[in-house]
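J.: based on what follows, work out the 3D shape:
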Amino acid sequence: MEWRQLLCEDRIRSYRTGKSAGDLRTEFEKDYHRIIGSASFRRLQDKTQVFPLEKSDFVRTRLTHSLEVSSLAKSLGQNISRKIIQEIGDPSFLEPYQADVCDILQCAGLLHDIGNPPFGHFGETVIREWFLKNLGKFTYKGQSLENLLLPQMKADFYYFEGNTQALRLVTKLHYLVDEHGMNLTKGLLGTIIKYPVSSLEINRESGNIKDKKMGYYYAEKDIFADLQSSLGTEGARHPLSYVLEAADDIAYLTADIEDAFKKGCITFGQLVQELEGCGEGEEKDGEYFRMVNSLKERYEKAKARGIAEPEGHAVQNWIVRVQAKLITCATDGFAHNYKQIMEGKHTKELIHGTDGERLAWALGDIAYRYAFISQPILKLEIAAERIMDFLLEKFTDAVIYYDTDKELNAVQEKMMALVSDNYKAIYRIYSQNKDETEKLYLRLLLITDSICGMTDSYAKSLYQELNGMI
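T.: Got it, this is the predicted structure:
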């Protein structure tokens, strides 16, 4: 792969006729403004990160998480660009590329969760499980939907991913001017595809991180092929996808611990004890325990200074140090594996094999046990499943015969009226001249499109209204 091609400024729909005299922005800077100004981005303020329907201003939403990922991704871009220029010495990476890399990563951080449904990752799980259980129960002209759809079409629903929905949203659903969505640069679109495989090519046993999930739907196969060709990736991950993934990991690993502490899911003493327990086998004077000891030192210093809440002060300050440590590790990971990354052969995340790997694993393990499976979360997820199952059932019943000769009943008509006019317009554009099977598939995508476009609060209130809980 070659940087000049990877940082492609072209868009799927070309519009450039030269720079306006008053507009000196680069194409990637224009992307940033398109994203920030979009309704899809604003909706992230009412979508779950970890704690569903959380009323506290402190605990993160998808919006604040995405802003943090954006910031971390840009910092990583700066560090990695300097490494390439000053230490690796790749002559194909020109000095001006540093700004482009940073702009692309800043935008990618904002976009990486933009396709997620309500109620966080649990919402994705509910969608997958619902289709696995129910797709075969619905029929079209006497035949089961499971038997009608092509294998990849079915697998798109069985392995549904918010990351995949993000590509669909920004290339089609967000109706900025026409059916090309936000019409973002190809360099940015390539970066947000973490998993350059279809739903039929997922292989979690391969050991290659790019095969873990799907990166595009059957509906976007032509867009994916165009991006692969334009960027020169040809089935490999875009190098900046590794950086985006590292920024996401660093953001949620540290934020989940901070949020869990703030919510009272874990105490300071428990956090220290768990960190020490997770360090089994590590050298007591090694980097892992230096990081753990720095948390205790921050607590003692806060106490000595008479800070009112020394434990909270220590955790928040320690999190900043952890982020700096993991940024350094991810930077070194990119530099150390540079040749393999550029050849499309690197199979692990950037922190793998660095002295931050054990710390990252420990943070994830602690957050899972103290936050993700805590009683308050489990109760809210049970409620969320009921909401999502109901909406999936109602929308599926309505959409199967939408845009066909068969007349919908009154309830089905009303359900279709709740679907975004923009989404229905996109369906009509892309279903033209398609056979019945593909039209049916595109109508089913209207369901996931509609639900992913909902905030947590809207999904909850719609469920209540449709069930007479007014």
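
J.: against Lys186, how distant is the closest residue to Glu9 other than its chain neighbours?
T.: Nearest-residue entry for Glu9: Glu27, 4.1 Å, with adjacent residues in sequence omitted and distances by C-beta to C-beta, 6 or more residues apart in numbering. (Each C-beta comes from the backbone N, C-alpha and C, glycine too.) The spacing between Glu27 and Lys186, counted by C-beta to C-beta, to the nearest Å, is 10 Å.

J.: between the two, which contacts overlap?
T.: Contact criterion C-beta atoms under 8 Å, 6 or more residues apart in numbering; residues shared by Glu27 and Lys186: Glu9, Arg11.

J.: looking at those two, which is more packed in?
T.: Neighbour totals were compared for Glu27 and Lys186, and Lys186 leads with 24 against 21 (other C-beta atoms under 10 Å).

J.: what residues are up against the more buried one?
T.: Contacts here follow C-beta under 8 Å, 6+ apart; on that basis Lys186 touches Cys8, Glu9, Asp10, Arg11, Ile12, Asp226, Leu227, Ser230, Leu231.

J.: and for Val411?
T.: So Val411 contacts Ala398 (C-beta under 8 Å, 6+ apart).

J.: report pLDDT for it.
T.: Note on Val411: pLDDT of 94.

J.: can you list the buried residues in the helix or strand where it lies?
T.: Taking DSSP states H and E as the criterion, Val411 maps to helix 410-417. For helix 410-417, a neighbour-count test (16 or more other C-beta atoms under 10 Å) marks Gln412, Met415, Met416 as buried.

J.: count of neighbours near Asp285?
T.: 8.

J.: can I get the CA coordinates of the helix or strand that the helix holding Val411 is followed by in CSV?
T.: Sequence-wise, the next helix or strand downstream of helix 410-417 (DSSP H and E) is helix 421-431. Provided in CSV are the C-alpha atoms of helix 421-431 (Å, rounded to 0.1, in the frame of the first residue of the first chain):
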residue,chain,number,x,y,z
ASP,A,421,-38.9,9.8,4.5
ASN,A,422,-35.2,10.1,3.6
TYR,A,423,-34.7,6.4,4.3
LYS,A,424,-37.7,5.5,2.2
ALA,A,425,-36.4,7.7,-0.6
ILE,A,426,-33.0,6.0,-0.5
TYR,A,427,-34.8,2.7,-0.6
ARG,A,428,-36.7,3.7,-3.8
ILE,A,429,-33.5,5.0,-5.5
TYR,A,430,-31.4,1.8,-4.8
SER,A,431,-34.3,-0.7,-5.4
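
J.: any idea of the mean pLDDT for the next helix or strand after helix 421-431?
T.: Counting by DSSP H and E, the next helix or strand C-terminal to helix 421-431 is helix 436-452. Across helix 436-452, pLDDT averages out at 96.

J.: contacts for stretch 106-113?
T.: Applying C-beta under 8 Å, 6+ apart, the contact partners of stretch 106-113 are 28, 31-32, 35-36, 41, 44, 47, 62, 65-74, 77, 162-163, 166, 170, 184, 188, 191-192, 240, 244, 247-248.

J.: between the buried residues of helix 410-417, which sits nearest Asn467?
T.: Closest approach between those and Asn467, by C-beta to C-beta: Met415, at 13.5 Å.

J.: isn't the closest one right up against Thr396?
T.: No: between Met415 and Thr396 there is no contact under C-beta atoms under 8 Å: 9.5 Å.

J.: excluding chain neighbours, what is closest to Leu445?
T.: Excluding the flanking residues, the one nearest Leu445 by C-beta to C-beta, 6+ apart is Ala219, at 6.1 Å.

J.: per-domain residue ranges of this protein.
T.: When the chain is parsed with automatic domain parsing, its domains come out as 3-239, 251-373, 376-466.

J.: could you check how far Leu135 is from Leu444?
T.: Using C-beta to C-beta, we find Leu135 at a distance of 8 Å from Leu444.

J.: oops, could you answer that again for Arg34 instead?
T.: To Leu444, Arg34 is 28 Å away according to C-beta to C-beta.

J.: which one's more surrounded, the two?
T.: Higher neighbour count among Arg34 and Leu444: Leu444, with 23 against 19, using other C-beta under 10 Å.

J.: my read is that the more buried one contacts Ala398, right?
T.: No: Leu444 lies out of contact with Ala398 (C-beta under 8 Å); the separation is 11.3 Å.

J.: all strands of the stretch 101-250 of the chain, in order?
T.: Here the stretch 101-250 of the chain has its strands, by DSSP state E, counting those that start in this stretch, at 139-140, 143-144.

J.: pull the longest helix from the protein.
T.: In terms of residue count, the longest helix belonging to the chain (DSSP state H) is helix 310-336.

J.: show me what the helix or strand following that one is packed up against.
T.: Using DSSP H and E, the helix or strand that directly follows helix 310-336 along the chain is helix 338-342. Judged by 3 or more C-beta pairs under 8 Å, 6 or more residues apart in numbering; DSSP states H and E, helix 338-342 is in contact with helix 239-262.

J.: what packs against the helix it packs on?
T.: helix 62-83, helix 97-111, helix 186-192, helix 268-278, helix 310-336, helix 338-342, helix 357-367.

J.: so Glu220 sits against Arg168, correct?
T.: Yes: Glu220 is in contact with Arg168 according to C-beta under 8 Å; the separation is 5.7 Å.

J.: of the contacts of stretch 106-113, buried ones?
T.: Taking 16+ other C-beta under 10 Å as the criterion, what is buried in those is 28, 31-32, 35, 41, 44, 47, 62, 65-74, 77, 162-163, 166, 170, 184, 188, 191-192, 240, 244, 247-248.

J.: and the longest helix of the chain, which residues are buried?
T.: For helix 310-336, burial by neighbour count (16+ other C-beta under 10 Å) applies to 310-315, 318-319, 322-323, 325-327, 329-335.

J.: that one to helix 357-367, inter-axis angle?
T.: Put simply, helix 310-336 runs at 140 degrees to helix 357-367, going by axes from the mean of the first three to the mean of the last three C-alpha atoms, to 10 degrees.

J.: what is helix 310-336 packed up against?
T.: Secondary elements touching helix 310-336 (3+ C-beta pairs under 8 Å, 6+ apart): helix 62-83, helix 239-262, helix 268-278, helix 287-304, helix 357-367.

J.: rerun that using 7 Å as the cut-off
T.: For helix 310-336, the elements it packs on are helix 62-83, helix 239-262, helix 268-278, helix 287-304, judged by 3 or more C-beta pairs under 7 Å, 6 or more residues apart in numbering; DSSP states H and E.

J.: ok, and what's touching the third one?
T.: Outside of helix 268-278, the residues that reach it under the criterion C-beta atoms under 7 Å, 6 or more residues apart in numbering are Phe261, Val292, Leu295, Lys296, Tyr299, Glu311, Ala314, Val315, Ala362, Asp365, Ile366.

J.: what's the ChimeraX line that selects buried ones from the residues you listed?
T.: Of the contacts of helix 268-278, the buried ones can be selected in ChimeraX as follows, counting by 16+ other C-beta under 10 Å:
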select :261,292,295,299,311,314,315,362,366
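
J.: got the contacts of helix 268-278 as CSV, with pLDDT columns?
T.: Putting the contacts of helix 268-278 into CSV (pLDDT from 0 to 100) gives the following:
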residue, pLDDT
Phe261, 90
Val292, 94
Leu295, 95
Lys296, 95
Tyr299, 93
Glu311, 93
Ala314, 95
Val315, 95
Ala362, 96
Asp365, 94
Ile366, 94
